[in-house]
Every structure is written in C-alpha cells, then in structure tokens.
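Q: Structure of the sequence below:
(one chain, ligands or ions: 1)
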Amino acid sequence: MYHVDLPRIGTFEAWRGKARALRAAGVKSHEVLWTRGEPAGDLFADSLPPEGDAPLTVPRGFLDLARMAIWHSDPERFARLYALLDVLQTDKRLIEDRADPRVARLNAMAKEVGRDKHKMTAFVRFREVDSDGPRRRFAAWFEPSHFIMEPSAPFFAKRFGDMDWSIFTPDLSAHFDGTVRFDDGAAKPPLPEDATEDLWRTYFRSIFNPARVKVSAMQSEMPKKYWKNLPEASLIPEMIATAQARASAMAEAAPTMAPARAARVTERLRSGQDRVEDALGACRRCALWSSATQAVPGEGPLDAPLMLVGEQPGDREDLTGRPFVGPAGQVLDRALEAVGLVREALYLTNAVKHFKFRPRGKARIHQSPDRGEVMACKWWLDLEVERVRPKLIVALGATALASLIGTGQGLMKRRGTVEQTPEGVPVLVTVHPSYLLRLPDAARPEAEALFRADLTLARERIGEMGGAAPRR
Ligand code: URA
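A: Below is the predicted model of the structure:
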C-alpha cells in the first residue's frame, strides 16, 4: 500500500508527478491512498517510486478534466483521477464516453468546480484595509464549496492587478502584491465595514427589479450559503417580501415601462446613439467575460462595404482591445495588402468578443469557443451587421461561418463560395488566417495563394455590387 500526501499548494502538479511515477511502476489504483495536507505516520506504507521522466501519454481531454476535477471537495477525487488514468492506458477513447460512470462522475465534478469558481469571481467582495505600502490594500473573505482558491487566484491577480489584496478562505488564503502567495486558510477575519458596503447596497437596490423576482432562480444564481458574506444580501429577504407590492405599484405607475425601455436600449444601440463598445463591456451573456481582460468590439467605418468576421480575440487582442492585431492579424494584413484591400476601409470583427483561453504557466492558450458561446455572442454580431449593413461579409473560418450561417462544417469544401445569412446578406467563405500560421512551411505558399484568391474574389464582388471597393 502506498500513501501519497499531496501539498495544499501546487496540488495539481504534485498529483501529476506522483501519478506518473506510480503508473510507471505499474501501481494499481486500489493500492494507493491519496490525501492532501495530511502527512501521516506512514509506518505501514511502502516507499513511493521515484519521480522520473517516464513517458506517459494521456488524451488531452484527460488533463483538462483533471485540472478542474482535482479541486473538488470529494475526498476520492485523486483516487478517481488515478483510476481513470489507469484505464485510459489501455482504452484512450474512454475519455470521450460520457456515459461511462467514471468519466461522467469526474465530468460532473469538473463542472461543479467550474461553477464554484464562477461564483467566486462574482461574489468576492473586497473591503479596503490599512496599507503600509504605496498601494491601496483590500481584503475579502469567501467560503467556496470546493478547493478553488489556488486555481482562482490568477483571475483575481489579473483583474485586480493594480491593488494589493488578500482573499481568505477556510482552506487557503491568497495574497497579492504583484505576485501571488498562498498560505493557510483562516477563520473569518475582522475586516472593517467601509463605504464599499453602502455602495454595494445602493447598487443592488438599483438593479433589483421586483417585477422579475424569481426566488428559485435567484437562489440558484446566488445560493443562500453566500448570502451571509454579501453586504447586499441583507436586503434580499425584505426585497422578496415586498416584491409583489412594489411590482403592482410599478405596473400601475408605468404599465409598459420595462419592454419600452428594453426596446429603447436596443434601438439606441442599433442607431449608434449608444456606443456598442460600452454596452459590450458589460456583456454577461456567457461566462467568457469573467476571465478575459476586456471585450473586443469590431473596428472600422460604419459604412464599410466589406465586413470580415474572425473567430474570437486572441491574447494580443484581449490585451489591446482591438481585433486582429496579433500574429493572425499580421497574416491578414499582409494578405489584404497583397490583394489591394485597405484595412482601414473594412469593418473587422469577431464571432465571439471575449478571449477564451486555458492558462498554461504564464501563457494563455487559445481555446475555441463552444456553440453556446458562439450563439450567445451572435446577438452582438447581428447588431454589428445591422448597423454596418455590409454589401458582403467574409467569414474567416468555421466559427464565423457557424455564427453567420448556422453551420461551419465542411469549411474546405465551401471555401471560395458565396452563401447567405438568413437575412440575405452574402457571405464569402474562406479559412481563418491562423490556419495558415499552423501549416508546415512547405504547404504555406499554396494555402496563402488560395486565401488571397478568396480575398480578391471579395474585392471584385464589392466592385460588381457597386460598393466602393476599398482599393488603394
Ligand atoms: N483571431 C481572430 O479570429 N480574431 C482576432 O481578432 C485575432 C485572432
């Protein structure tokens, strides 16, 4: 029997190292007892095999799953992951079998962790505390359901990088002063009440619409267990209790106010009176906003005859707030120039406006948006198409195509052809410039020539349709 006690900080990397060593030594899952932060007198435990570079191949999906599920509070989480790792050695495709109870359970755990992390990003409330350094200092107390302090810290470091902060949780505390440091969990600290509390109360009052109160939905979004640490939550019982009366009063005072106002908001955005950029910054239609630096709106003249739609912002775009300014943007710029299209005369945008990525060390690795995210963001793309009314849209790759037409399948067969959005706007299909970047050197010249041929077609179509073909 082996006993593996994992550290409370760096748990995933430690699990990975130990699992690899155990697997290389042929240790079966029932032979290992896993704990975290519980060194025991291991009188009867065998000594662990040394960690080496023994090769161990696992499907990529497994590592993604392990990176999330490992933070779950289920005491069996390490063992479950190791058991699955074991089976995957002989049946790699099992990871795709969502009906398999081992895979299903770990997927459900990963999902619960994701939800808990999301709640944490939404419900941590910082209060200002005394600072002995040049920067302001804030502290917050939070009680997550799972061990998510460590994997959530990068989000807070990025989002609140301009202040010093500490987040205390019962399991672990994180402190930031330019770099993140972890130490033991804490009991609820005596944080001072300050103006931020009032601000939150006022904010919550102002966004609370009594006519729309759905207690169950509200509780599933903001489960009761979080209430005690949220300043604004003290208002919830009273607001629910008086909601019906206030809703009737509202209805009497202005029977059509809510839809009328909603229509006005859409209209103001459509007509350009309100800046889409500002509204987009507050978008919460899917969860991608929570880890991105900012939303990246489209860019270009509102009367551009040609609109180019990519997939989503990448790392550079996320940091700068502008579309196509990173490596794929440079490929696109060169191709546009080669075919005589001027970037400044085009409207450039993306199907999804927030960067989706997976952290790996300090890097942020691009992840394709899923269908739900593409569909959630389509509202914005439709708005852009409606405002710009381009003569032709170029769909750069399968995600843009899926958003515009409904399906992105069979891209290579469809490229170079013109299809139509359900509203009748012509869409020329082509590849995404990052596809060219991924090709081996030998294949690139031909693929680039085809890409340019597609863009030339776009330029010619605009000319034929009487649009001012954006030529130099
Ligand atoms: N890839 C895209 O699809 N859009 C960008 O803005 C950058 C890279």
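Q: For the closest residue to the ligand within the stretch 101-250 of the chain, identify the helix or strand it belongs to.
A: Per CB to the nearest ligand atom, residue 158 is where the stretch 101-250 of the chain lies closest to the ligand, at 19.2 Å. Yep, even glycine has a C-beta here, placed from its N, CA and C like the rest. If you go by DSSP states H and E, residue 158 is part of helix 149-159.
Q: Which residues are in contact with the spatially most central residue of the chain?
A: Geometric centre of the chain, nearest residue: residue 288, 3.0 Å, by CA atoms, centre = their mean. Neighbour list for residue 288: 352, 354-356, 369, 373 [criterion: CB atoms under 8 Å, 6 or more residues apart in numbering].
Q: Model confidence for it, exactly?
A: You'll see residue 288 listed with a pLDDT of 90.
Q: same question, residue 73
A: At residue 73, pLDDT is 95.
Q: Identify the residues contacting it.
A: Listed by CB under 8 Å, 6+ apart, the contact partners of residue 73 are 145-147.
Q: ok, now residue 106?
A: Taking CB under 8 Å, 6+ apart as the test, what residue 106 contacts is 65, 69, 80-81, 84.
Q: closest to the ligand among those?
A: Distances from the ligand to the contacts of residue 106, taken by CB to the nearest ligand atom, are shortest for residue 65, at 26.3 Å.
Q: distance of the residue in the stretch 201-350 of the chain that the ligand sits nearest to from residue 368?
A: The minimum distance from the stretch 201-350 of the chain to the ligand, using CB to the nearest ligand atom, falls at residue 310 (2.7 Å). Look at residue 310 and residue 368: by CB to CB, to the nearest Å, they are 12 Å apart.
Q: quick one, which of these two is more surrounded?
A: More neighbours surround residue 310 than the other of residue 310 and residue 368, with 28 against 13 (other CB atoms under 10 Å).
Q: Let me know the distance separating that one from residue 352.
A: Between residue 310 and residue 352 the distance is 9 Å, computed by CB to CB.
Q: and for these two, which residues touch both?
A: Counting by CB under 8 Å, 6+ apart, the common neighbours of residue 310 and residue 352 are residue 399.
Q: hmm, back to that, so the closest residue in space to the residue of the stretch 101-250 of the chain closest to the ligand that isn't next to it in sequence, which of the three states?
A: Of all residues not flanking residue 158 in the chain, residue 293 sits nearest, at 7.0 Å (CB to CB, 6 or more residues apart in numbering). Following DSSP: H, G, I helix; E, B strand; the rest coil, residue 293 is assigned to coil.
Q: State the number of residues packed around the residue of the stretch 101-250 of the chain closest to the ligand.
A: 13.
Q: hang on, isn't it packed against residue 292?
A: No - Residue 158 is beyond contact range of residue 292, at 9.4 Å (criterion: CB atoms under 8 Å).
Q: I'd like the next helix or strand past the longest helix along the chain.
A: The longest helix of the chain (DSSP state H) is helix 101-123. Toward the C-terminal end, the helix or strand that comes next after helix 101-123 (DSSP H and E) is strand 127-129.
Q: show me the contacts for the closest residue to residue 444 other than its chain neighbours.
A: Of all residues not flanking residue 444 in the chain, residue 436 sits nearest, at 6.1 Å (CB to CB, 6+ apart). Shown in contact with residue 436 (CB under 8 Å, 6+ apart): 331, 444, 447-448, 451.
Q: hmm, 10 Å instead?
A: For residue 436, the contact set (CB atoms under 10 Å, 6 or more residues apart in numbering) comprises 328, 331-332, 334-335, 443-445, 447-448, 450-451.
Q: Can you select the buried ones from those residues in ChimeraX?
A: Selection of the buried residues among these in ChimeraX, burial being defined by 16 or more other CB atoms under 10 Å:
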select :328,331,332,335,448,450,451
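Q: filter the contacts of residue 436 by proximity to the ligand?
A: Among those, proximity to the ligand is found for residue 328 (CB under 6 Å from any ligand atom).
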